[in-house]
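Asks: return a 3D structure for these sequence lines:
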Amino acid sequence: MPNIYELNLDVNQVEQFEAIEAGQNILIERIISTGQTTPVGQWYDQDADEWVVLLQGDAEIYFEEGPLVRLRAGDYLMISAHQKHRVEYTSIEPPCIWLAVHGQLRSL
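Replies: Numbers count the residues shown, from 1 in each chain. The predicted structure is shown next:
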């Protein structure tokens, strides 16, 4: 049986994205981050809403319109479609384990 906290041994090499479930207009994925951040000058600008919970580690997400949001294990965040944001920090030890739900999650 899969375990959300089980990590591969090479987890520090590259950020990992693992689709857990997908359906019509929805994607649930696990993301493992170990120090990866959004490249300077780049922004995520997603077509879908994203609800994310940080299950382990510490992270910082900065929104183009402000503010900087600091996340600890257990904190969750709603990112609306086209709300430009970037990942400023992810902890290495422990690695960040995220659970993200992508889709049309809010009515306009």
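
Asks: low pLDDT regions in the protein?
Replies: 9-12, 107-108 (pLDDT under 70).

Asks: please enumerate the strands of it.
Replies: Taking DSSP state E, the strands of the chain run over residues 16-23, 26-33, 49-56, 58-63, 68-72, 76-79, 85-90, 96-103.

Asks: each with direction, which strands does the third one pair with?
Replies: Taking DSSP bridges as the criterion, strand 49-56 forms sheet pairs with strand 76-79 (antiparallel), strand 96-103 (antiparallel).

Asks: over to the second one?
Replies: Strand 26-33 has the following sheet partners, assigned by DSSP bridges: strand 16-23 (antiparallel), strand 96-103 (antiparallel).

Asks: residue 86 - nearest residue in space that isn't next to it in sequence?
Replies: Nearest residue to residue 86, sequence neighbours excluded (CB to CB, 6 or more residues apart in numbering): residue 38, at 3.7 Å. C-beta here means a position set from N, CA and C on the backbone, and glycine is covered the same way.

Asks: let me redo that: residue 104
Replies: Distance criterion CB to CB, 6+ apart; nearest residue to residue 104, sequence neighbours excluded, is residue 25 at 5.7 Å.

Asks: got it, and residue 31?
Replies: Using CB to CB, 6+ apart, the closest residue to residue 31 is residue 98 (4.0 Å).

Asks: what's that neighbour in contact with, if anything?
Replies: 30-33, 52-55, 59 (CB atoms under 8 Å, 6 or more residues apart in numbering).

Asks: where's residue 90 relative to residue 104, distance?
Replies: Going from residue 90 to residue 104 by CB to CB, to the nearest Å gives 27 Å.

Asks: again with residue 76
Replies: 18 Å.

Asks: then residue 7?
Replies: Per CB to CB, residue 7 is found 31 Å from residue 104.

Asks: what do you get for residue 27?
Replies: Relative to residue 104, residue 27 is positioned 11 Å away (CB to CB).

Asks: what about those two, which has more around it?
Replies: Higher neighbour count among residue 27 and residue 104: residue 27, with 16 against 12, using other CB atoms under 10 Å.

Asks: contact partners for the more buried one?
Replies: For residue 27, the contacting residues are 19, 21, 48, 100-103, by CB under 8 Å, 6+ apart.
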